[in-house]
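Visitor: sequence first, predicted coordinates after that:
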Amino acid sequence: MRRTSVKTKSLRGFYIDYSFLLVIFFLLGFGLLMVYSASAYEGFNKFNSQTFFLKKQAIAMVMGLVAMAVVYFIPYRLWDRLHMLMPIVAGIFLILIKTPLAKSANGATRWVVIPGVGMQVQVAEVVKLCMILFYATYITKMGNTLNTFKGFLVYITPGAVISLALWILTNNLSSAFIVISIIMIMYFVASKDYKYTFATLAILGLITALLVAVISKSDAGGNFRFSRVRAWLDPVSYASDFGHQPLQSLYAIGSGGIWGKGLGESMQKLNGLPESQNDMIFSILCEELGLFGAFCLMSLFAILIWRMVIIANNTKDLYGAMLVVGVMAHVAVQVILNIAVVTNTIPNTGVSLPFISYGGSSVLFLLIEMGLVLNVASKIDVGDEAQ
Amino acid sequence: MTDGYKKFTIKMQKKLVVLVIFVLLAFVGLAVRLVFIVKGNATEYEKQILSQQRYDSDVLPAKRGDIVDAKGTILATSEKVYTLFIDSAMLNEKEDYMEPTMAALSTVFPEVNIGEVRQYIANHQNSKHYVLLKQLPFDRKQAFTDLASEDKNIKGVFFDDEYIRKYPENSVASDVIGFTTSDGSGLYGLEEYYNDDLNGTNGREYGYVNDDSAFERTTIAASDGYTIHSTIDFTIQSIVEKYLYQFNEEHKDSFREGNGAENVACIIQNINNGEILAMGSYPNFDLNDPKDETRLIGANLITSEKNANGYDILTVTSTAINESVLGGMTDEEKLLNLNNLWKNFCITNTYEPGSTAKPFTVAAALEAGVISPGMTYECNGYMEIGGYKIRCHNRWGDGVLDLQGAIARSCNVVLMKVGQALGTEEFARYQGIFNFGLKTNVDLAGEARTANLIYSAADMGPTDLATNTFGQNFNVTMIQMITGFSALINGGYYYEPHMVDKITNANGATIENIEPRVLKQIISESTSDYIRQYCRAVVMPEGGDARTGKTARPAGYAIGGKTGTAETIDPETNKRSDTDYVVSFMGYAPADDPQIAIYVVVDRPNAMHQDDAKFATGIVKNILTEVLPYLNIYMTEELSESEIEELQAKGLSSTYGLAQNAYDDSVSGGDEGNIVEKTPDVTEAVWKGFAIDPATGYRVDPETGEMYDAETGVAVTGESAHATEEVPVNENIIETESEQSEN
C-alpha cells in the first residue's frame, strides 16, 4: 500500500465523495420543498395539517440518511458474500404481498408492513435494491460467458422471473420494467459487444410498436393499460378519465412558462392534478419554477449520474463498479421514465421521481443505494487514479 | 484493493460512457419536449387551468327569522340540522380507516344499516358524496365528531348543515302562520307575506382568481333573517282554537257525516288599534306536517273538472272525506283538497254576511241624516218590494219597533224601510266607506277582494237594496266585517288591521315598528254611540226577551254584538238554499268600554236546521268567558249562582265588583238609550202558545211546522229573509263563487 499523495483517500478509509454527497443533499432539500408546496393543500384538506406530508417525508429522509451512513461504513464486499440472500429476500417480500402483512392504498397492494417495527415498505423498492446487489455479483461470477447467447439467457432469467413476479403480484408493470431495465443496463456495461442489448431493445421496440398499433385501433373499454395507451395517444378525448392526469400535467407544465408562477403558486395542485406531490410532482415543479427550475433539477440528476460514472470508472473492481452502475441505472431510468410520463411522452404509468416525489420507501432505499456508492467511492485507490 | 477480484475493464468503462451519453441524450430529448410543451401553449394552458377553477364552492345558509307572538312565544323557528355523507374515496385510502369509522357510525347512529354502507363503499370506491342520514340534530352530530376527534382513524365522514323550519305549537294559528317549502320560501300567512323579511341572505364561500392570476378564497358571512313579532296572543289564540275544536267535536257527524261545519272561524281584534289578537279556523292543519292527509277527513270533498273553455272548475261536493274516500283519491286530488285546507278562511273565503250587516245599514242611515235615533217603524212580518214579498223572520211581524229594537230583534222589515230612506246612491256610497268589497290590506298572504260582489249604485235595484240592508246578496270577508265593525264601535275610526307590530333583526334590534294606522273615520262619534247602544241591546236585557244575541253573553260581563244568519246559494240551482246557512256573531266587549271585537262565523253547521245563530253565539260566549279575564277586564254584571258554578267548573272566579267604580258611568250611560220598554211587544204571545217539541227543544207552530226558540221566540228557521227564494240573486256572487273555488 502506497501513500504517496496528499489527495489519497483519508487515512482510515473515510474518504467521502463530497460533490456526490452535496448533490444528494441538494436533491433532498429540493424534494422536501416541492413536497411541501405540492401537498400542503391536500394535507390541510384531508388531514387538517399543511405539513402532514412534509413531516412524513422528512422522517423518511432522516431514517434514510441514517441508513445511508450505516451502509457507508459497511465494506461493500460484505454484500458480495451475501449475494445469494438477495433473490431470497426479494422472493420473501413478494410472497408477503399475499399475506395479511400486506397493505393496500389507492386500490393497489404494493406495501408490506414489517412486523415489530410497524414500518411500511414498498416491495418494488426492496426488489430493486436486491437485484442490483445480486446482479453485481452475478456479473462477476459469469465472466466471459456473459457474451454468449446462452450466457445472456442465463443472465436474464433470474431477473426476468423476479420482474414477472413483481408485475403479477403487485400489479405494478412500471416497477417490473424498471428492474429489468436496470439489469439490462448492467449487462450492457459488463458485456463485450452491443449485439444482445440492441437485439433486446429492437425486439422490445417492435413489440411496443405493434401493441400501440393494435391498441389504438381497438375499441374503448377493456384492459386499463390499453385505455392508458389510448389516452396517451389522444389525451383530450379521454380528459374525464385516463387522459385526465396526463392532460392536467401538460396544462401545469405549459402554464408555468419559462420562469414559472413562483414557488407555492401552483393552481393545479388545488385538486386539478391528482398525485401532485407524488408521481406528478415534476409538473408542479414546472408550473411553479418553470423550464428554468426543470432544467436545474435535470442538471442536478445529470451531475449525480455523472459522478456515479466517475466513481464506477475509477473503481478497478468489477463488483464495486457494477454496484454503482446498477444504482446509476436505477436513478437514470426512473428520472427518464418519470419525466417522460409527465410530459406525456410515454403512456401514463406510476413512476416516482427519485428524491423529489413523496414516498418514504423510495427515498429510504435510494439513500441506502447512495450509501453503497459512497462506500465504493471511499475504497477507490486514489494513488492509482493519480497515475 | 483489486487483488483477487475481477477488473472493471477499459472496455466496460467506455461502454459506461456510451450509456451515459444515451442517458444524457434522453435528458436532452425530454428537455426539448418540455420546451415544446411550454412554447406556444403557455397562454392556452394558463387559460385552461383558470377555467377549471371552481369559483363558487359553498353556500353558507342563512337562518330564517322566527315568528313570535305578542308575548314572545315562538310560533315558528328555524333549526340547524345536519346531513351526514361519506367520502368513500377517503375511507378507502387506508385500511385502518374502515373498521373504526364503521364502528363509530354504528355506535352513534344505530339506525344505519352498516352492511349496506359497506356494500356501497365497496361498490363505489371513488364516491365523494354518499348521503347517509339527513336532518340530524346538533347533539347527534356532536356525538360523532367527539368520537372522531378521539380516534384519528375515523375518516371520510362529513356533515353539511342546513336549516329546517319548526313550529313548536304544531297546528296553533296554522292559517295565520303558514308554512315554508323545502327550499325555504313561505307559503300562506305570515310566512308568505313577510317572506322577504324572514329570509336572510345566504352567505357564500368562494374562490376567485385575482389580478396576479393567483387563486384566492373569500367568505361572505350569511346574514340571518328578521324576527317577526306578531300581535297574535298565543293564549287567546289557544282559547279560540280550543272552542272551535270543541264545536267541531260536538257537532261532527250529528246530521250528516263530516265536520261540525264546513268551516268555523273566529277573529279577535283590538278594537282601538286594529291589531289582530287571534285568528283561527277549523279544520286546521299541522304546520310541521302540512301534507298530513288525515286532516282532510271530515271536510267536504272538492273535485275539479275542466269546463268547455279548458278552465278547471272546482266543485265542493256533498261527500264528506273519510278514510275510504281518502284511500281512493289521487295525489292530485289530495293536493287540491289540501290547498283548500291551507287557505285562511278568515281572509280568503267570501260569503254573504247576513244580519251582522244591519248595524252598518243603520249607521249609514244615521250618518246620512235620513233617519233619527228616535224614529220607530212598524213591522208586520213582510214587505213587498219590486213585486217580491220579502219576509221578516218573525212571520207575524214585530209590531212597532225603534232602531234599538230592530237591531236587537234583527228585524228585516225595519231595515228595509231604513234602506229605502237611505236610497241606493247613499247605500252604495256607504258600502264603499265601510270598505266592503275592498282589501283591508291586512298583512297576510291571500286576502280576497270582493269589489265585484258588491252592488254599485248604478246597478242596484230596489230589491237589491232591500236585501242588501240585511246583509244578503253581497259578499264580504271576515276581516272586512270585523275591521268595519271595530270602527263602528270605537267612534268611527277605521284602523288598518294588522298582524305584526314589530320586526327585529337577529340581534334583537328593532328594524321596523308597525304603528296602528287610522285610514279614515267612517262615522261620527255620536253615530258610533248609538250603534254601541243598539248592539248592546242585542245581548243585554234592555233588548227585551226577543233579543237574538243573549246566548253570546259570558257570565259576569256586558257585551254588545249582532247575530247573523245568512242564506247561501245552492250551487246546483243558483238559487237561495233553504237548508244551508252561514251563521255568525259579531260582538265587542266589554259593552261599556269596548276593548276587543270578536267575530265568529259558522259556515254551514252540521245540523238539520242550520239557521240558528246559537251555533255562533255559544262559541263567542265560551271564548269570551276565558279571554276577558285573561285580558284583566273585570266583571261588571252580577252573577247568578249557576253562573258562578259554571265559572268554577272552568277554573275561573268572579271578578265582579273589583272595579265597579270604573264602569259606573258607562253602565248608566248605556241605560239611557234603553227605550225598548216603551214599545209594546205585540207579537210575543203568539209563539208562547206553541208546544215544545221534546226532540229538538223548540216550540213548533202546529200550522206551519216552523220552529221557534222556546225562550226567546226567535224563529229557528228564519232570522234571515227566509221566503226570499224567488228574489233575484246577485249574479256576480253566483259567477264568482264558482270562479273563486278555482283558487
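Guide: Yep, it's here. No experiment lies behind these values; they were computed from the predicted model shown.
Visitor: for the rest of this, base every contact and every neighbour count on C-alpha atoms.
Guide: OK.
Visitor: pLDDT score for the residue found closest to B:Gly225 once you drop the neighbours it is linked to in the chain?
Guide: Closest residue to B:Gly225 apart from its sequence neighbours, by CA to CA, 6 or more residues apart in numbering or on different chains: B:Gly200 at 3.6 Å. Looking at B:Gly200, its pLDDT stands at 85.
Visitor: give me the neighbour count for B:Gly200.
Guide: 20 (other CA atoms under 10 Å in any protein chain shown).
Visitor: distance of it relative to B:Thr617?
Guide: Here the criterion is CA to CA, to the nearest Å. By it, B:Gly200 lies 44 Å from B:Thr617.
Visitor: immediately after whatever helix or strand A:Ser181 lives in, which helix or strand?
Guide: Assigned by DSSP states H and E, A:Ser181 belongs to helix A:173-190. The helix or strand immediately downstream of helix A:173-190 is helix A:195-217, counting by DSSP H and E.
Visitor: contacts for that following helix next, please.
Guide: With contacts defined as CA atoms under 8 Å, 6 or more residues apart in numbering or on different chains, helix A:195-217 is touched by A:Phe149, A:Phe152, A:Met184, A:Tyr187, A:Phe188, A:Phe226, A:Val229, A:Arg230, A:Leu233.
Visitor: repeat that for stretch B:281-298.
Guide: Contacts for stretch B:281-298 (CA under 8 Å, 6+ apart): B:165-167, B:170-172, B:174-175, B:178-179, B:241, B:244-245, B:248, B:252, B:257-259, B:263-266, B:299, B:320-323, B:326, B:334, B:337-338, B:341-342, B:344-346.
Visitor: now, the residues you listed that are in strands?
Guide: B:Arg165, B:Lys166, B:Phe179, B:Asn263, B:Val264, B:Ala265, B:Cys266, B:Ala320 (DSSP state E).
Visitor: CSV please, covering these and showing neighbour count and distance to A:Gly360.
Guide: CSV is the format used below for those (neighbours: other CA atoms under 10 Å in any protein chain shown; distance: CA to CA, whole Å):
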residue, neighbour count, distance to A:Gly360
B:Arg165, 21, 51
B:Lys166, 19, 53
B:Phe179, 27, 58
B:Asn263, 23, 77
B:Val264, 31, 78
B:Ala265, 25, 77
B:Cys266, 31, 78
B:Ala320, 22, 77
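Visitor: what's the closest of these to chain A?
Guide: Comparing the ones in strands among the contacts of stretch B:281-298 against chain A with CA to the nearest CA places B:Arg165 closest, at 31.7 Å.
Visitor: the closest one reaches B:Thr180, doesn't it?
Guide: Yes: contact criterion CA atoms under 8 Å: B:Arg165 and B:Thr180 qualify, at 7.1 Å.
Visitor: in the chain, which helix is the longest?
Guide: As the question left the chain open, I've gone with chain A. helix A:281-314 (DSSP state H).
Visitor: my question was about chain B
Guide: helix B:10-38.
Visitor: can you name the element that comes right after that one?
Guide: Using DSSP H and E, the helix or strand that follows helix B:10-38 in sequence is helix B:42-52.
Visitor: check whether that following helix comes near chain A.
Guide: Yes: Helix B:42-52 comes into contact with chain A (CA under 8 Å from any CA of the partner chain), by way of B:Ala42, B:Thr43, B:Glu44, B:Tyr45, B:Glu46, B:Gln48, B:Ile49, B:Gln52.
Visitor: whatever residue of the stretch 51-200 of chain B ends up closest to chain A: how many residues sit nearby?
Guide: Closest approach of the stretch 51-200 of chain B to chain A (CA to the nearest CA) occurs at B:Glu93, with a separation of 5.3 Å. As a burial measure, B:Glu93 scores 17 neighbours (other CA under 10 Å).
Visitor: do A:Asp234 as well
Guide: Using other CA under 10 Å: A:Asp234 sits among 15 other residues.
Visitor: hang on, the earlier thing: give the rounded mean pLDDT of the helix holding A:Ser181.
Guide: For helix A:173-190, the mean pLDDT works out to 92.
Visitor: what sits up against that helix?
Guide: A:124, A:127-128, A:131-132, A:135-136, A:139, A:156, A:159-160, A:163-164, A:166-167, A:194, A:197, A:322, A:325-326, A:329-330, A:333-334, A:349-351, B:12-13, B:15-16, B:19.
Visitor: narrow these to those that are buried.
Guide: A:124, A:127-128, A:131-132, A:135-136, A:139, A:156, A:159-160, A:163-164, A:166-167, A:197, A:322, A:325-326, A:329-330, A:333-334, A:349-351, B:12-13, B:15-16, B:19 (16 or more other CA atoms under 10 Å in any protein chain shown).
Visitor: can you get me a residue count around residue 170?
Guide: Chain wasn't specified; assuming chain A. 21.
Visitor: nope, chain B please
Guide: B:Asn170: 16 surrounding residues under other CA under 10 Å.
Visitor: what of A:Thr157?
Guide: 12.
Visitor: show me what the helix or strand hosting it packs onto, helices and strands only.
Guide: Secondary structure from DSSP H and E places A:Thr157 in helix A:149-170. Applying 3 or more CA pairs under 8 Å, 6 or more residues apart in numbering or on different chains; DSSP states H and E, one finds that helix A:149-170 contacts helix A:85-96, strand A:108-114, helix A:123-142, helix A:173-190.
Visitor: wait, doesn't A:Tyr244 sit right on A:Trp232?
Guide: If you look again at residue A:244, you'll see it is His, not Tyr. No: between A:His244 and A:Trp232 there is no contact under CA under 8 Å: 10.1 Å.
Visitor: residue nearest the centroid of the chain?
Guide: Picked chain A for this. A:Gln334 (4.1 Å; CA atoms, centre = their mean).
Visitor: correction: the question concerned chain B.
Guide: So for chain B, CA atoms, centre = their mean, it's B:Asp175, sitting 2.0 Å from the centre.
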